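> any chance you could fold what I've pasted below:
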Amino acid sequence: MGNKPAKQEEEKKEELLLKIVPPVDRAYTRWLARDLERVYGFTPQNPRAIKPPDSYIEYMHLNGWLDLDLDDPDLAHLFKKKMCSYFD
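Reported below is the predicted structural model:
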């Protein structure tokens, strides 16, 4: 347990950080944009309906996630309301 050496202060260098964008090839950017659209914009044409496992359905029932209020204004555009024209 001897003496500790004195701390030496480091010389602070002034640094300038510059963000420089290198020139980008236009053909490469077009290819990259097309490729990203192909990968992330993909949607299947005829998706099949998949039934979740019964444990998932039970879990959703317990949390009230499968309850549907037909009078909800956010869902009104999904249902076509037809008035009964019995007396017309």
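> which element, helix or strand, includes Asn46?
Counting by DSSP states H and E, Asn46 is held by no secondary-structure element, helix or strand.
> near it, how many other residues are there?
Using other Cβ atoms under 10 Å, Asn46 has 4 neighbouring residues. For the C-beta atoms, the positions are set from N, CA and C on the backbone; glycine is no exception.
> do you know how far it is from Leu68?
Applying Cβ to Cβ, to the nearest Å, the value for Asn46 to Leu68 is 25 Å.
> quick one, helices of this structure?
26-40, 54-62 (DSSP state H).
> just send these back as a markdown table, with mean neighbour count too.
Conversion of the helices of the chain to a markdown table gives the following (neighbours: other Cβ atoms under 10 Å):
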| stretch | mean neighbour count |
| --- | --- |
| helix 26-40 | 9 |
| helix 54-62 | 11 |
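> pLDDT wise, what is Tyr40 at?
As predicted, Tyr40 sits at a pLDDT of 88.
> so what touches stretch 45-61?
Residues outside stretch 45-61 that contact it (Cβ atoms under 8 Å, 6 or more residues apart in numbering): Leu66.
> let's see 10 Å
65-67 (Cβ atoms under 10 Å, 6 or more residues apart in numbering).
> could you dump it to PDB, C-alpha only?
In PDB, the C-alpha atoms belonging to stretch 45-61 read as follows (Å, rounded to 0.1, in the frame of the first residue of the first chain):
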ATOM      1  CA  GLN A  45     -52.500 -12.400 -52.800                       C
ATOM      2  CA  ASN A  46     -54.700 -15.000 -51.300                       C
ATOM      3  CA  PRO A  47     -53.900 -15.400 -47.600                       C
ATOM      4  CA  ARG A  48     -55.500 -18.300 -45.900                       C
ATOM      5  CA  ALA A  49     -57.400 -17.900 -42.700                       C
ATOM      6  CA  ILE A  50     -55.500 -19.500 -39.800                       C
ATOM      7  CA  LYS A  51     -57.300 -20.700 -36.700                       C
ATOM      8  CA  PRO A  52     -55.300 -20.000 -33.600                       C
ATOM      9  CA  PRO A  53     -54.700 -22.700 -31.000                       C
ATOM     10  CA  ASP A  54     -57.500 -23.200 -28.400                       C
ATOM     11  CA  SER A  55     -55.300 -22.000 -25.600                       C
ATOM     12  CA  TYR A  56     -54.900 -18.600 -27.400                       C
ATOM     13  CA  ILE A  57     -58.700 -18.300 -27.900                       C
ATOM     14  CA  GLU A  58     -59.300 -19.100 -24.300                       C
ATOM     15  CA  TYR A  59     -56.700 -16.500 -23.200                       C
ATOM     16  CA  MET A  60     -58.300 -13.800 -25.400                       C
ATOM     17  CA  HIS A  61     -61.800 -14.700 -24.100                       C
END
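> noted, bye for now.
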